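Engineer: Need a 3D model of the following:
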Amino acid sequence: MVAASLAVVIGGVIGLMLANDTGSPSEDSSTSVSQAGDALTSAEDLASGAFYEVAYTDGLGVDTYEGPSRDYQKGTALQEGVLVRIQCQDRTGETISEYADGDASERYDEPWPVWDLLSTSMWVPDLFVSTPKIPGDQPPADIPLCEEE
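Structural biologist: Modelled structure (predicted):
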């Protein structure tokens with residue numbers, strides 16, 4: 001059963017890679033947008049961890065950062081739909097609030113201080129990842145809380 005599940009995940013990743021490979025540069029040439037192959041680096045990544053999609057970006061993707069705030073150095077941008085592996089969640093990062101506008105999208109619509117540490121050691125605002133949005137101090141069951149350094 002584990003092998004079948006892994007095959008489904010690998011098939012989905014390959015599908016994402018093919019679907020997202022447009023061959024054209026992003027509109028903003030100063031920020032490279034990662035394809036699915038950059039988000040998942042190995043079969044080992046596929047075998048463990050909590051996987052979610054970059055979502056709710058209105059097709060714009062989301063930037064990665066070296067820490068749980070936009071004050072940190074910006075890294076590679078990830079396209080909407082890319083599958084990412086979350087190592088842990090920081091629930092006390094920079095609050096993202098400019099998207100709490102009462103619109104009818106599926107995006108969580110409240111100020112949100114949660115950031116996800118990815119398997120690439122980069123951070124993304126959880127607001128733009130398809131994780132369950134559970135208020136409080138504890139992350140969803142399959143994602144550990146990041147330990148304070």
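
Engineer: And for the closest residue to A55 other than its chain neighbours, the neighbour number?
Structural biologist: Among residues not flanking A55 along the chain, S130 sits closest, at 4.3 Å (CB to CB, 6 or more residues apart in numbering). All C-beta atoms are positioned from the backbone trio N, CA, C, and that covers glycine. For S130, the neighbour count with other CB atoms under 10 Å is 16.

Engineer: Contact partners for S130?
Structural biologist: Y52, E53, V54, A55, Y56 (CB atoms under 8 Å, 6 or more residues apart in numbering).

Engineer: how far away is it from G67?
Structural biologist: 22 Å (CB to CB, to the nearest Å).

Engineer: before we move on, what about L83?
Structural biologist: Remark: distance between L83 and G67 (CB to CB) = 23 Å.

Engineer: Can you tell me how far L145 is from L78?
Structural biologist: Taken as CB to CB, the span from L145 to L78 is 22 Å.

Engineer: ah, wrong one, I meant L118
Structural biologist: Distance of L118 to L78, given as CB to CB: 9 Å.

Engineer: Compare the two and say which is more crowded by neighbours.
Structural biologist: Neighbour comparison, L118 and L78: the larger count goes to L78, with 28 against 20 (by other CB under 10 Å).

Engineer: wait, that one sits on G61?
Structural biologist: Yes. Using CB atoms under 8 Å, L78 is in contact with G61, at 5.6 Å.

Engineer: Report the helix or strand with the lowest average pLDDT across the protein.
Structural biologist: Here the helix or strand of the chain ranked lowest by mean pLDDT, DSSP states H and E is helix 2-20, holding a mean of 38.

Engineer: Can you pull the poorly scored residue ranges out of this structure?
Structural biologist: Across the chain, the ranges flagged by pLDDT under 70 are 1-49, 98-107, 149.

Engineer: If we use 80, what do you get?
Structural biologist: Where the chain drops to pLDDT under 80, the residues are 1-49, 97-109, 148-149.

Engineer: Direction included, what does the strand or helix carrying T76 pair up with?
Structural biologist: Remark: T76 resides in strand 74-78, with elements defined by DSSP states H and E. Using DSSP bridges, strand 74-78 pairs in its sheet with strand 33-34 (parallel), strand 62-65 (antiparallel).

Engineer: I'm done for today, thanks for sticking with me.
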